[in-house]
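Chemist: give the three-dimensional model of this entry:
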Amino acid sequence: MRAVRFHEFGAADVLGVEEVPDPVAGAGQVLVRVTAIGVNYGETIIRSGTGARVVPWYDLAPGALGGEVVGIGPDGRRLIGFALGEGYAELALLPEDAAEVPDGLSDHEALALFLQGTTAVAAADAVRLAAGERVLVEAAAGGVGSLLVQVAARAGATVVAAARGARKLALARELGAHEVVDYGEPDWPTGVEPVDVVFSSVGGAVARQSFELLRDGGGRLAVFGFASGEPLDVTASDVFRKGVAVLGFGNPMTPDTVRRAFTLGLRPVLGEALPLAEAARAHELLESRATTGKVVLVP
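Modeler: Predicted coordinates:
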């Protein structure tokens, strides 16, 4: 089969398509013919070599890239899940209990809701989002952010969408944001009133500025990513000073969060669909912030 691999850390052009042996399903696994592959920003961090600093708890090395795939199983059902091993490939192994893609969802839509949708649902659960609260969503036009805007608005919150550029801010408004702010501007927090909740995925200076916008004595910040490559720089003293909570959460993938992501009626934002051979181009698009929504590869 054809698969995308890399043999050294570096820019997107280290990715290349190779002929590799077909995987063989073992106990508890099912072999699927891959019809679409979700591309996530985390995979660009792994490929670039910065993952060891951003997520040091993972053992990262050049080789194959895993990820979420939709594929046709031996019985003809469309299955979705995280590949066990090769993910950017024509064939993949999934757990035998992999979720089935609901009728009415395209492969692209299913991939946009699978990881990003379950993350949005789990993040909202983690902060115990309530009606009437002010909520700041970082990267509000991205895969998770665009869904969090919708989840928070439906919960009755006032949504402040932070994104970069007029096009992304317009999309956030279209999805239900009540206020928008361009975090590409150095003084972007000026004029933003305190918020009860922050959904943080950018990291670095943006995350620190978002933290300072939390309402003292009860604000909550949920961390689910560091797209800038720099983790949130907040100390225990900072948390104590403001009387707020900083929350992470474990694996968002549970049968309940997957079901809710697929059935809440959320509108996934769909990005580019590129051939498998253009995996490097997909990574470049994500790293340049030149895309909105879910980017997929099609073998």
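Chemist: quote the end-to-end distance of stretch 252-266.
Modeler: One end of stretch 252-266 sits 17 Å from the other (C-alpha to C-alpha, to the nearest Å).
Chemist: what lies in contact with it?
Modeler: 82, 99, 102, 105, 110, 113-115, 117-123, 125, 147, 150-151, 154 (C-beta atoms under 8 Å, 6 or more residues apart in numbering). Yep, even glycine has a C-beta here, placed from its N, CA and C like the rest.
Chemist: at 7 Å instead, please
Modeler: 99, 102, 105, 113, 114, 117, 118, 119, 121, 122, 147, 150 (C-beta atoms under 7 Å, 6 or more residues apart in numbering).
Chemist: of these, closest to residue 130?
Modeler: residue 121 (15.5 Å; C-beta to C-beta).
Chemist: contacts only, for the closest one.
Modeler: Per C-beta under 7 Å, 6+ apart, neighbours of residue 121: 151, 257, 260, 261.
Chemist: and with 6 Å instead?
Modeler: Each residue near residue 121 by C-beta atoms under 6 Å, 6 or more residues apart in numbering is listed here: 257, 260, 261.
Chemist: next secondary structure after the helix or strand where it lies?
Modeler: Per DSSP states H and E: residue 121 is located in helix 107-127. Per DSSP H and E, helix 107-127 leads on to strand 134-137 as the next helix or strand towards the C-terminus.
Chemist: tell me how far that following strand lies from the chain's centre.
Modeler: Computed by C-alpha atoms, centre = their mean, to the nearest Å, the chain-centroid distance of strand 134-137 equals 18 Å.
Chemist: strand partners of it, parallel vs antiparallel please.
Modeler: Here strand 134-137 is paired, per DSSP bridges, with strand 158-163 (parallel), strand 197-200 (parallel).
Chemist: and that strand, what's its mean pLDDT?
Modeler: The pLDDT scores in strand 134-137 average 98.
Chemist: contacting residues around whatever helix or strand comes next after it?
Modeler: Next in sequence after strand 134-137, counting helices and strands by DSSP H and E, comes helix 143-154. Residues from elsewhere that reach helix 143-154 (C-beta under 6 Å, 6+ apart): 116-117, 119-120, 124, 135, 137, 139-140, 159, 161, 172, 175-177, 199, 266, 269, 294.
Chemist: most distant residue from the middle of this protein?
Modeler: residue 241 (30.4 Å; C-alpha atoms, centre = their mean).
Chemist: and that one, helix, strand or coil?
Modeler: Counting by DSSP: H, G, I helix; E, B strand; the rest coil, the backbone at residue 241 sits in helix.
Chemist: picking that back up, of the contacts of helix 143-154, buried ones?
Modeler: 116-117, 119-120, 124, 135, 137, 139-140, 159, 161, 172, 175-177, 199, 266, 269, 294 (16 or more other C-beta atoms under 10 Å).
Chemist: can you pull the contacts of residue 7?
Modeler: Here residue 7 is in contact with residue 62 (C-beta under 6 Å, 6+ apart).
Chemist: can you report phi and psi for it?
Modeler: phi -120, psi 0 (degrees, to the nearest 10).
Chemist: separation between it and residue 18?
Modeler: 10 Å (C-beta to C-beta, to the nearest Å).
Chemist: and what of residue 86?
Modeler: 10 Å.
Chemist: so for those two, which residue has more residues nearby?
Modeler: Taking neighbours as other C-beta atoms under 10 Å, residue 86 and residue 18 compare with residue 86 leading, 25 against 13.
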